[in-house]
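Colleague: Okay, predicted coordinates and the sequence, questions at the end:
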Amino acid sequence: MRQLYRRPEAAVRYRDWGDRCRRWRGIRSETLRVAGRRVHLLRADPGPDAPAGAPTQLLLHGLAGSGTAWLDVIAPLTRLGPVIAPDLPGSVFGETETRRARQARLPATVAFLPPLTAALGLGRLSVQGLSMGGLVGLQFAAAYPAIVERLVLVNPILPAPMSVPERLGWQTMGRLALAAGPAVARTLVRVWGRRLVDAKLRYLTDPGQLAAAGEQSGGDLTRISPESLALAAEQTRELRDHPARLRYAVTAFASAAASMFVSRRRALAAIDQVAAPVLLVWGDQDRLVTRPVIDHAMARRPDWRLHVLESAGHTVPLELPDAYVEAVRGWLSPPAPAGRSYDVD
């Protein structure tokens, strides 16, 4: 196994990730400076059968992850064009520099993408966003319609339908909780952070606990490849020595929660305004993003295409990478679909 280098923090990077797993061949780690910030990303060149001039696929991970969450789908996706999977600011496992807590908030994360894509010289994009990365990708696509040509939302964190009493509750008690909660949570992380990390490490390395975790979040986490689980365990061990990342994640989570339940206008406006064709991929066992959230989005945008993956949970690209790639290939290859359509795989 030939490793490229390690930072003092023992970050895991490879000149070619195929040195770690054959399926990850052709994927490389890169680091660049963007607006004075160190940014880490994964990159893969277009495959030999990719269409000439195909837009770059920009893959945006969820909160509790990094660009490595996409490792099992990057190589197959190169048949559609080049692929870039950056580490977003404030992510748990990511290596992109986050200097202040406010840089992990949702608006700052969306604002991080234009200078990143400009630094990479990317003028045409096909964006794919998982979980919170879906919400980031949605707002980015709505704000930059000339850049984003296609958008894939994978179990995205989106505003849910709410009754009048629910809206009132979130505007009062919910707003107060989100204002005070992050400071309390960051204090708890400083005290209990290593124990939280150790608990995550136990379920990553114990098949029984992994299965139980899947029952709570939905889907079957034991279907995640052994290589991806081993990498997540290694990243978790590193996280134990750097609990500050957990504090940034608290800020990011609170910002996303506010966007879903309190300050919903921007997210709802993005749903209404995004001009790019959208594929919404949802795992029907996802207990974090439930069916009412999906139906709410589809009711606002009947022109979006919904692809339901049966038995899949929240981490679709990790849990069912082949089914995910097949869904995306089938949608990106033909002309953009028109009208409402439901595909069940």
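Modeller: Arrived safely, thanks for sending.
Colleague: So Arg33 belongs to a helix, correct?
Modeller: No: Arg33: not assigned to a helix; according to DSSP: H, G, I helix; E, B strand; the rest coil it is strand.
Colleague: Nearest spatial neighbour of it, chain-adjacent residues omitted?
Modeller: Of all residues not flanking Arg33 in the chain, Val39 sits nearest, at 7.2 Å (C-beta to C-beta, 6 or more residues apart in numbering). The way it works is simple: take the backbone N, C-alpha and C, and place the C-beta from them, glycine included.
Colleague: same question, Ala275
Modeller: Closest residue in space to Ala275, ignoring its immediate chain neighbours: Pro145 at 4.3 Å, by C-beta to C-beta, 6+ apart.
Colleague: Same check on Leu135?
Modeller: Nearest residue to Leu135, sequence neighbours excluded (C-beta to C-beta, 6+ apart): Ile157, at 4.7 Å.
Colleague: Then Gly219?
Modeller: Leaving aside its sequence neighbours, Gly219 sits nearest to Gly313 (C-beta to C-beta, 6+ apart; 1.8 Å).
Colleague: How is that neighbour assigned, secondary-structure-wise?
Modeller: Three-state assignment for Gly313 (three-state DSSP): coil.
Colleague: next one: phi and psi at it?
Modeller: Main-chain dihedrals, Gly313, degrees, to the nearest 10: phi -100, psi -150.
Colleague: mind listing what it touches?
Modeller: Gly313 sits next to Gly214, Ser217, Gly218, Gly219, Asp220, Leu221, Gly283, Gln285, Asp286, Arg287, Glu319 when contact means C-beta atoms under 8 Å, 6 or more residues apart in numbering.
Colleague: out of those, which are inside helices?
Modeller: Counted as lying in helices by DSSP state H, out of the contacts of Gly313, are Gly214, Ser217, Glu319.
Colleague: shouldn't the second one be in contact with Val316?
Modeller: The one in question is Ser217. No: judged on C-beta atoms under 8 Å, Ser217 makes no contact with Val316 at a distance of 11.9 Å.
Colleague: between these two, which one's more packed in?
Modeller: Set side by side, Ser217 and Val316 show more neighbours around Val316, with 23 against 14, by other C-beta atoms under 10 Å.
Colleague: can you pull the contacts of the more buried one?
Modeller: Going by C-beta under 8 Å, 6+ apart, Val316 touches Leu130, Val154, Asn155, Val281, Gly283, Leu309, Ala323, Tyr324.
Colleague: ok, now how distant is it from Ser29?
Modeller: Using C-beta to C-beta, to the nearest Å, Val316 is found at 24 Å from Ser29.
Colleague: circling back: could you flag which of the contacts of Gly313 are buried?
Modeller: Buried members of these, counted by 16 or more other C-beta atoms under 10 Å: Gly214, Gly218, Gly219, Asp220, Leu221, Gly283, Gln285, Asp286, Glu319.
Colleague: out of the residues you listed, who's nearest Thr205?
Modeller: Leu221 (12.4 Å; C-beta to C-beta).
Colleague: from memory the closest one sits against Leu210, does it?
Modeller: Yes: contact criterion C-beta under 8 Å: Leu221 and Leu210 qualify, at 5.0 Å.
Colleague: Common neighbours of the two, please.
Modeller: Here Leu221 and Leu210 share no contacting residue, scored by C-beta under 8 Å, 6+ apart.
Colleague: three-state assignment of Ala94?
Modeller: Let me fix one detail, which is that residue 94 is Gly and not Ala. Using three-state DSSP, the structure places Gly94 in coil.
Colleague: For it, which non-adjacent residue is spatially closest?
Modeller: Distance criterion C-beta to C-beta, 6+ apart; nearest residue to Gly94, sequence neighbours excluded, is Asp87 at 3.1 Å.
Colleague: Tell me how many other residues surround the one you found.
Modeller: Residue neighbour count, defined by other C-beta under 10 Å, stands at 22 for Asp87.
Colleague: That one and Ala299, how far apart?
Modeller: Between Asp87 and Ala299 the computed distance is 34 Å (C-beta to C-beta).
Colleague: do Thr109 as well
Modeller: The value you get for Thr109 to Ala299, if C-beta to C-beta is used, is 27 Å.
Colleague: show me where the protein has strands.
Modeller: In the chain, the strands defined using DSSP state E lie at 28-34, 37-44, 56-60, 83-86, 125-130, 148-154, 278-283, 305-309, 341-344.
Colleague: Let me see the mean pLDDT of the last one.
Modeller: Read that as strand 341-344. Across strand 341-344, pLDDT averages out at 41.
Colleague: Among the ones in helices among the contacts of Gly313, find me the one that's closest to Val12.
Modeller: Closest approach to Val12 among the ones in helices among the contacts of Gly313 (C-beta to C-beta): Glu319, at 21.5 Å.
Colleague: For that closest one, give me its contacts.
Modeller: By C-beta under 8 Å, 6+ apart, the residues touching Glu319 are Gly219, Asp220, Leu221, Arg223, Ile224, Gly283, Ala312, Gly313.
Colleague: Dump the contacts of Val316 to a markdown table, plus pLDDT.
Modeller: Listed next are the contacts of Val316 as a markdown table, based on pLDDT from 0 to 100:
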| residue | pLDDT |
| --- | --- |
| Leu130 | 96 |
| Val154 | 98 |
| Asn155 | 96 |
| Val281 | 98 |
| Gly283 | 96 |
| Leu309 | 96 |
| Ala323 | 97 |
| Tyr324 | 97 |
